[in-house]
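>>> quick one: sequence and predicted model below, then my questions.
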2 protein chains.
Amino acid sequence: MTSIKNNYLSMIEKLTISDKRAIARVISVIESDDEKATIILKKIFHKTGNAYRIGITGPPGAGKSTITNQLTKHLLSLSKSVAIIAVDPTSPFSGGALLGDRVRMNDIGALDNVFIRSMATRGSLGGLSKKTIDTADILDASGFDYIIFETVGVGQSELDIAKVADSTIVTLVPESGDTIQAMKAGLMEIADIFVLNKSDRPEADKAFISLQAALHLRNFDPNDWPQPIIKATATANKGIIEIAEKIEEHRGFCKSNSICLQKRIKNYKLRVMEIVETSLKQETWNEYNISVLETSMDKVLSGKLSPYELAANILLNR
Amino acid sequence: MTSIKNNYLSMIEKLTISDKRAIARVISVIESDDEKATIILKKIFHKTGNAYRIGITGPPGAGKSTITNQLTKHLLSLSKSVAIIAVDPTSPFSGGALLGDRVRMNDIGALDNVFIRSMATRGSLGGLSKKTIDTADILDASGFDYIIFETVGVGQSELDIAKVADSTIVTLVPESGDTIQAMKAGLMEIADIFVLNKSDRPEADKAFISLQAALHLRNFDPNDWPQPIIKATATANKGIIEIAEKIEEHRGFCKSNSICLQKRIKNYKLRVMEIVETSLKQETWNEYNISVLETSMDKVLSGKLSPYELAANILLNR
């Protein structure tokens, strides 16, 4: 027991941005072993809170990876360190993450002061997994200046980004109906900064105006941050500095703003609730209850036992 | 107590497709009162299993509402009754469902043998809410021949449709990258039937071939259902009869197929698990624990108490 404990301590002590291998090893422990994860996360919590957490989300094809890539290069040029967590949607059947978009990131992944990790959005909670947030804490404690969460493709994870990020960037492209779809998907409300990417396209001005109009239609609290729209062409590195500047502006705004504080408190609460609920599930779905579930399926299929009655039986077996 | 019980019984007895008001009232009880919901759902479970459940999903703008609309009209012409559950993505902040697409459905909502209900995807489980599945059971017990689940916009709910539907239809449009995005989002694997909508567009043939190619690339179990691709132009009512025929074909195939049975068993298990977990949460987040959570936030914000330690404290208080 003592040796295991010492092993943890030595791993945690090595957590600095210059030792990517140590970081990767600790994250692997976090991903694979819940018990050890809890011990590690308790130990490092006091070291967290220094990294600034940026979320980049938006519909598929909006250029999230390119913006992440360019923004990272810009932050590096300001002598900052950047950790990127790429959140991949997991297929509900295969359980595997699609890593296509990650290939493009390889050119920055090898640089000093950059750490990239792809994580799948597993688990019945949907959206961002608990492990993603745990990993951010590890990276925070390691000393990174920025942590960028980037979602890939469609999913609840797009909306959940706002629960973990200090500044959330929603990227859109000037395609017909894109802003409407963004509103529908709830992206409008989670954005701290809008980026209208691919702004060199002819439809860009129209899209800009329609997005602006949509923002004006919303009930706006005068004490809240006014969501800016930045025109960008990430592939040509246009608009990236403006994005970085707006992030800093939002960061400064949030230091003294009670709405931002309320958001942080809400996110911490959600996190605690998720930890509690994950633990409850692990406790409930023990071998015995899983076997009750399995062996009762015949009765459910034949209509003799309702899912509600079976659930009640399982709840009694705790 | 006896009068309340009798009240339930009378409500449940009135559940027939000809009494839409009774159905709507029972669904409202299901939505608002968990305790009563459990009693009702246990009582009606033996009446369920007759409705055929169709899921319609796909990326935003693919014409899901139009297909639902036209398919419903076709089924009505075959003297069938249809209930539609429109699953709206809920904004994580406002909690409200966007009902824009529902407007189009008004013309069929007033017809006999049609019942339409919009439901928001609330709750931390993400995706389809438990209430959505409960509502389907009510509609099933009321005697509808078909229940159509239709998702609106982006979200985990798109993938969750496959967990409740007997046949899942994935609609795509011939736009660049659409099939690739469908693969990424996991839509490929949940589809029993693909509908390539807006097939009158010039790019349609190319999209058809690329979708076909993508399907061939997958590992295909020869005992499994071969996913067909139907070309449709839903606004012109083209391809709707083919969709209905393929649904019946899939239905027939599944009667004798073990892969379909396994899928049904898996879905029942997921449902029981969700009922159990919802109940655990309600038990845990009692007034006392919520107040512990609220009052501990200062310590978490100042780094004195980690979310993991707070969660452990709450777990002790059960």
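Looks like it came in fine.

>>> quick check: angle from the one helix or strand A:Lys263 maps to to helix B:258-284?
Using DSSP states H and E, A:Lys263 maps to helix A:258-284. Between helix A:258-284 and helix B:258-284, the angle comes out at 120 degrees (axes from the mean of the first three to the mean of the last three C-alpha atoms, to 10 degrees).

>>> tell me the buried residues in helix A:258-284?
Across helix A:258-284, burial judged by 16 or more other C-beta atoms under 10 Å in any protein chain shown covers A:260, A:263, A:267-281, A:284. Backbone N, C-alpha and C define where each C-beta goes, glycine included.

>>> do the same with stretch A:70-89
Those would be A:70-76, A:81-89, for stretch A:70-89 by 16+ other C-beta under 10 Å.

>>> picking up where we left off before, can you narrow the buried residues of helix A:258-284 to ones near chain B?
When those are checked against chain B using C-beta under 8 Å from any C-beta of the partner chain, the ones in range are A:268-277, A:279-281, A:284.

>>> closest to A:Ala120 among these?
Within those, proximity to A:Ala120 (C-beta to C-beta) peaks at A:Glu274, which comes in at 16.6 Å.

>>> and the closest residue to that closest one other than its chain neighbours, how many neighbours?
Spatial nearest neighbour of A:Glu274, excluding adjacent residues (C-beta to C-beta, 6 or more residues apart in numbering or on different chains): A:Lys130 at 5.4 Å. Look at A:Lys130: counted by other C-beta atoms under 10 Å in any protein chain shown, it has 18 neighbours.

>>> quick one: A:Lys130 from A:Ala37, how far?
As judged by C-beta to C-beta, to the nearest Å, A:Lys130 and A:Ala37 stand 9 Å apart.

>>> ok, A:Asp224 next?
As defined by C-beta to C-beta, A:Asp224 lies at a distance of 35 Å from A:Ala37.

>>> with neighbour numbers in mind, choose between those two.
With neighbours defined as other C-beta under 10 Å, A:Asp224 and A:Ala37 compare such that A:Ala37 has more, 21 against 13.

>>> contact partners for the more buried one?
Counting by C-beta atoms under 8 Å, 6 or more residues apart in numbering or on different chains, A:Ala37 makes contact with A:29-31, A:131, A:134.

>>> now swap in A:Ser279 and tell me
Counted by C-beta under 8 Å, 6+ apart, A:Ser279 has contacts B:311, B:315.

>>> near chain B, anything from the helix or strand that contains A:Asn313?
A:Asn313 is located in helix A:307-316, with elements delineated by DSSP H and E. Yes. On the criterion C-beta under 8 Å from any C-beta, helix A:307-316 is in touch with chain B at A:307-311, A:314-315.

>>> excluding its backbone neighbours, what's nearest A:Tyr146?
Once flanking residues are discounted, A:Tyr146 sits nearest to A:Val82: 4.7 Å by C-beta to C-beta, 6+ apart.

>>> pretty sure A:Ile138 contacts A:Ser28?
No. Look at A:Ile138 against A:Ser28 with C-beta atoms under 8 Å: they stay out of range, at 10.4 Å.

>>> what about the strands in chain A?
For chain A, the strands defined by DSSP state E cover A:52-57, A:82-88, A:114-120, A:146-151, A:167-172, A:193-196, A:229-231.

>>> got CSV for the ones you listed, with distance to B:Ser18 too?
Putting the strands of chain A into CSV (distance: least, C-beta to C-beta, whole Å) gives the following:
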stretch, distance to B:Ser18
strand A:52-57, 46
strand A:82-88, 48
strand A:114-120, 48
strand A:146-151, 46
strand A:167-172, 47
strand A:193-196, 49
strand A:229-231, 52
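
>>> mean pLDDT added to those, as JSON lines?
Output for the strands of chain A, formatted as JSON lines (pLDDT from 0 to 100):
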{"stretch": "strand A:52-57", "mean pLDDT": "94"}
{"stretch": "strand A:82-88", "mean pLDDT": "88"}
{"stretch": "strand A:114-120", "mean pLDDT": "86"}
{"stretch": "strand A:146-151", "mean pLDDT": "92"}
{"stretch": "strand A:167-172", "mean pLDDT": "92"}
{"stretch": "strand A:193-196", "mean pLDDT": "95"}
{"stretch": "strand A:229-231", "mean pLDDT": "96"}
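
>>> and stretch A:119-134, end to end?
11 Å (C-alpha to C-alpha, to the nearest Å).

>>> which residues does the residue nearest to A:Phe194 when sequence neighbours are not counted contact?
Leaving aside its sequence neighbours, A:Phe194 sits nearest to A:Ile229 (C-beta to C-beta, 6+ apart; 4.4 Å). Neighbouring residues of A:Ile229 by C-beta under 8 Å, 6+ apart: A:194-196, A:208, A:211-212, A:215.

>>> which of these lies closest to chain B?
Using C-beta to the nearest C-beta, A:Leu215 is the member of these that sits closest to chain B, with 14.5 Å.

>>> helices of the stretch 51-200 of chain A, residue ranges please.
A:64-77, A:106-109, A:130-142, A:157-164, A:178-184, A:187-190 (DSSP state H, counting those that start in this stretch).

>>> most packed of these?
Highest mean neighbour count of the helices of the stretch 51-200 of chain A: helix A:157-164, a mean of 25 (counted as mean count of other C-beta atoms under 10 Å in any protein chain shown).

>>> that helix and chain B, are they touching?
Yes. Applying C-beta under 8 Å from any C-beta, one finds helix A:157-164 touching chain B at A:158-160, A:162-163.

>>> how close does A:Ile209 get to chain B?
For A:Ile209, the distance to chain B equals 20 Å [C-beta to the nearest C-beta, to the nearest Å].

>>> could I get the pLDDT score of that residue?
On pLDDT, A:Ile209 comes in at 89.

>>> how many other residues sit next to it?
Neighbour count of A:Ile209, defined by other C-beta under 10 Å: 12.

>>> pLDDT of stretch A:62-74, averaged?
Mean predicted confidence for stretch A:62-74 is 92.

>>> any part of it near chain B?
No. Figure legend: stretch A:62-74 not in contact with chain B (C-beta under 8 Å from any C-beta); closest approach 11.3 Å.

>>> Provide the contact partners of that stretch at residue level.
If you take C-beta under 8 Å, 6+ apart as the criterion, stretch A:62-74 is touched by A:54, A:56-58, A:82, A:84, A:86, A:101, A:104-105, A:107-108, A:114, A:148, A:150-152, A:169, A:171-173, A:178, A:195, A:197-198, A:232, A:234-235, A:237, A:240-241, A:243-244.

>>> just the buried members of the residues you listed?
Counted by 16+ other C-beta under 10 Å, the contacts of stretch A:62-74 give A:54, A:56-58, A:82, A:84, A:86, A:101, A:105, A:108, A:114, A:148, A:150-152, A:169, A:171-173, A:178, A:195, A:197-198, A:232, A:234, A:240, A:243-244 as buried.

>>> now A:Asn317. Nearest residue, chain neighbours left out?
A:Asn289 is the one closest to A:Asn317 (C-beta to C-beta, 6+ apart), at 5.6 Å.

>>> I'd like to know how far the nearest residue in space to A:Ala162 that is not next to it in sequence sits from A:Ile27.
Among residues not flanking A:Ala162 along the chain, A:Ile190 sits closest, at 3.6 Å (C-beta to C-beta, 6+ apart). Distance of A:Ile190 to A:Ile27, given as C-beta to C-beta: 26 Å.
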